[in-house]
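Engineer: sequence and predicted structure are below.
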Amino acid sequence: VKYTAISGFLFLRFFCPSILGPKLFDLMKEHPDMKTSRILTLLAKTLQNLANLCEFEYKEAYMTDMNSFIKEKTPDFKSFIDTVSTIPDAPRRED
């Protein structure tokens, strides 16, 4: 729960929507073509599963090849979430 609450919010609300609709976020001048859209959809699905810390199962059996990526990147992902969700110490003032 520690990671999925923050990562689910970040990825579900910010990162994945910008991947799925790059023109809407001014990342592309035009909408991507059908092939590129499909690739971006698969990328967003993979990142969302990584954010939810879950692997693909029987419902999306065609995506199970990405489970090795999810397993491999989970420690790096948790480190990223720790970094972006930690308030740094305030600098000390020298009197």
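Structural biologist: Noted; the coordinates are in hand. Numbering: from 1, shown residues only.

Engineer: and the most centrally placed residue in the chain, helix, strand or coil?
Structural biologist: The structure's the chain has its C-alpha centroid closest to Leu47; by C-alpha atoms, centre = their mean the separation is 3.9 Å. The three-state assignment at Leu47 reads helix, by DSSP: H, G, I helix; E, B strand; the rest coil.

Engineer: contacting residues for it?
Structural biologist: Phe11, Phe15, Cys16, Ile19 (C-beta atoms under 8 Å, 6 or more residues apart in numbering). All C-beta atoms are positioned from the backbone trio N, CA, C, and that covers glycine.

Engineer: where in the chain is pLDDT low?
Structural biologist: Screening the chain residue by residue with the criterion pLDDT under 70, one finds the ranges 1, 95.

Engineer: mind listing the helices for this protein?
Structural biologist: Using DSSP state H, the helices found in the chain span residues 2-10, 16-20, 34-51, 67-84.

Engineer: surely Pro22 touches Ile39?
Structural biologist: No: between Pro22 and Ile39 there is no contact, the gap being 11.6 Å when judged by C-beta atoms under 8 Å.

Engineer: these two: which is more packed in?
Structural biologist: A side-by-side neighbour count of Pro22 and Ile39, using other C-beta atoms under 10 Å, places Pro22 first with 18 against 13.

Engineer: count residues in the vicinity of the nearest residue to the more buried one once chain neighbours are set aside, would you?
Structural biologist: In space, and not counting its chain neighbours, Pro22 is closest to Met28: 4.3 Å by C-beta to C-beta, 6 or more residues apart in numbering. One way to gauge burial is a neighbour count; for Met28, by other C-beta under 10 Å, it gives 12.

Engineer: separation between Met28 and Ser37?
Structural biologist: When C-beta to C-beta, to the nearest Å is applied, the distance between Met28 and Ser37 equals 11 Å.

Engineer: repeat that for Pro91.
Structural biologist: Distance of Pro91 to Ser37, computed by C-beta to C-beta: 45 Å.

Engineer: which one of these two has more residues nearby?
Structural biologist: With other C-beta under 10 Å as the criterion, Pro91 and Ser37 differ in neighbour count, and Ser37 comes out ahead with 14 against 6.

Engineer: which residues does that one contact?
Structural biologist: His31.
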